[in-house]
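Participant: Would you be able to build a 3D model of this:
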Amino acid sequence: MNKGCEATDFLRIVVEKNKSVLVPTGFTPNGDGRNDVLLVHGKSKSVTEVKLFRVYDRWGEQVYEFNNFMINDPTIGWDGTFRGKEMNPGMYVWYLEVEYIDGTSESYQGQTNLIR
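Facilitator: Okay, the predicted model is just below:
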């Protein structure tokens, strides 16, 4: 029995979607079996696929591209070469597009250091 009293309340619900995709800030393609390839990492349960991964040199020339692959795949990534030649040490820019399990897509960009 409410005895003529009324109450109103507001409830705010925040849904946090943990979508993280990472590309290392540096890699060392020197053949030692550790950090030899620039890979795309992330939470595989939330990512459907990486739609596009590109790497550019400091002049904007595209030196690598791969499409439609699964995140965390150790066989897919940039090995620090372009047209069969080792690239010089330095800063490279990357761009990627990811599709998530909920149907949304996001693009990311960043930079990495090629260390020899």
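Participant: Report pLDDT for Asn2.
Facilitator: Asn2 carries a pLDDT score of 61 in this model.
Participant: Numbering from 19 from now on, please.
Facilitator: From this message on, residue numbering opens at 19, which makes the last subject Asn20.
Participant: can you tell me how far the residue lying farthest from the centre of the chain sits from Asp27?
Facilitator: In the chain, Lys21 marks the outermost C-alpha relative to the chain mean, sitting 58.4 Å out by Cα atoms, centre = their mean. When distance is defined by Cβ to Cβ, to the nearest Å, Lys21 is 18 Å away from Asp27. C-beta here means a position set from N, CA and C on the backbone, and glycine is covered the same way.
Participant: cool, Gly44 as well?
Facilitator: 51 Å.
Participant: out of these two, which sits in the busier spot?
Facilitator: Higher neighbour count among Gly44 and Asp27: Gly44, with 12 against 4, using other Cβ atoms under 10 Å.
Participant: my guess is that one meets Thr130, correct?
Facilitator: Yes. Contact criterion Cβ atoms under 8 Å: Gly44 and Thr130 qualify, at 5.9 Å.
Participant: What is the end-to-end distance of stretch 114-128?
Facilitator: End-to-end span of stretch 114-128 (Cα to Cα, to the nearest Å): 9 Å.
Participant: Correction: the previous question concerned stretch 78-95.
Facilitator: End residues of stretch 78-95 are separated by 19 Å (Cα to Cα).
Participant: List the buried residues of that stretch.
Facilitator: Within stretch 78-95, the residues that count as buried by 16 or more other Cβ atoms under 10 Å are 81-82, 84, 87, 89, 94-95.
Participant: between Gly44 and Thr130, what contacts are shared?
Facilitator: With contacts defined as Cβ atoms under 8 Å, 6 or more residues apart in numbering, no residue is shared by Gly44 and Thr130.
Participant: what about Leu70, distance to Asn48?
Facilitator: Distance from Leu70 to Asn48, by Cβ to Cβ: 27 Å.
Participant: Tyr82 too?
Facilitator: 18 Å.
Participant: what does Leu40 give?
Facilitator: Leu40 is 22 Å from Asn48, by Cβ to Cβ.
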